[in-house]
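Asks: coords please:
(one chain, ligands or ions: 2)
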Amino acid sequence: MNVDLHTHTYPASDCSHISFRDYIAWCVEHGVDAVALTNHGDVADNRRLEPALAAEGVLLIHGVEISTLFGDFVVFSPDMDFLSTFADIQDAPRAGELPDDAAVVWVHPAAGGGRSGSAYYPGLERMVAGAVDAVEVYNGSWLGERYVTTAEQIAAQLGAARTGGSDAHEAGHLMACYTEVPDPVRSTADVVTALKQRRTIPHRPEAPRKRRFGRF
Ligand SMILES: [Zn+2]
Ligand SMILES: [Zn+2]
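Replies: Ligands and ions are numbered 1, 2, ... in the order given. As a prediction, the model looks like this:
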């Protein structure tokens, strides 16, 4: 199943312009089966959107994005109470500190920390080794060759899974990049398992852009 593993909604992410109504409508219109909502240190929209999306047959995957000294990370977990303990700016996850049902994706690593203002420098990956399950190699906002190449190198160096996500803050950008997750994807737990088993395949737009997701 193709899943956008990085999206933001308003109001939980005040930088996003995607309302609940637009988010749901876009997913339904484009035949999205599952999408991850990864707001900045806030899962309030996840709680509210999950039932509304489920009513339309769209599965919501739960994650939260944090900005740290080492960059931005998305933590995925089926445990909403656990996810609600994260703040938008906070310490980086440390190896061995997270429960087994959580997975950590280092998102747009070469672009640095969006809310922490931290910058990437070569060798930084050693600071997070062991705490990261996956690296977002394709981010809809950071598709420049430098960002993609660096992210690919980091993923290889860490032996981590690779993901793609739109990082959409506008509805039209949803699914701009996405991740192929092996079926079945029934819950956030299935996505966590796929990340830990390094069985994800990232996708970015091609020219001409193909629509390979959805129920068509
Ligand atoms: Zn970010
Ligand atoms: Zn983001």
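Asks: going forward, measure contacts and count neighbours with C-alpha atoms only.
Replies: OK.
Asks: low-confidence ranges in this protein?
Replies: 207-216 (pLDDT under 70).
Asks: now do the buried residues in the helix ranked longest in it.
Replies: Scanning the chain for the helix with the most residues, using DSSP state H, yields helix 145-158. For helix 145-158, the neighbour count (16 or more other Cα atoms under 10 Å) marks 147-148, 150-152, 154-155, 158 as buried.
Asks: check stretch 164-172 too.
Replies: 164-171.
Asks: what's the farthest-apart pair in the buried residues of helix 145-158?
Replies: The most widely separated members of the buried residues of helix 145-158, counting by Cα to Cα, are Tyr147 and Leu158 (16.5 Å).
Asks: who's Glu65 bridged to?
Replies: His40, Val74 (DSSP bridges).
Asks: and what of Asp4?
Replies: Here Asp4 sits in beta bridges with Val35, going by DSSP bridges.
Asks: next step: the buried residues of stretch 164-172 restricted to strands.
Replies: Among the buried residues of stretch 164-172, DSSP state E puts 164-165 in strands.
Asks: can you tell me which of the buried residues of stretch 164-172 is closest to Thr200?
Replies: The nearest one, if we look at the buried residues of stretch 164-172 relative to Thr200 and count by Cα to Cα, is Gly164, at 9.1 Å.
Asks: residues contacting that closest one?
Replies: Contacts for Gly164 (Cα atoms under 8 Å, 6 or more residues apart in numbering) come out as 4-6, 136-139, 177-179, 201-204.
Asks: equivalent analysis for Leu83, please.
Replies: With contact taken as Cα under 8 Å, 6+ apart, Leu83 is in contact with 43, 63-64, 75-77.
Asks: try it again at 7 Å.
Replies: The neighbours of Leu83, taking Cα atoms under 7 Å, 6 or more residues apart in numbering as the test, are 64, 77.
Asks: quick one: it and Glu50, what's the gap?
Replies: Distance, Leu83 to Glu50, using Cα to Cα, to the nearest Å: 15 Å.
Asks: all helices of the protein, in order?
Replies: Using DSSP H, helices in the chain cover 20-29, 44-54, 80-83, 125-128, 145-158, 188-196.
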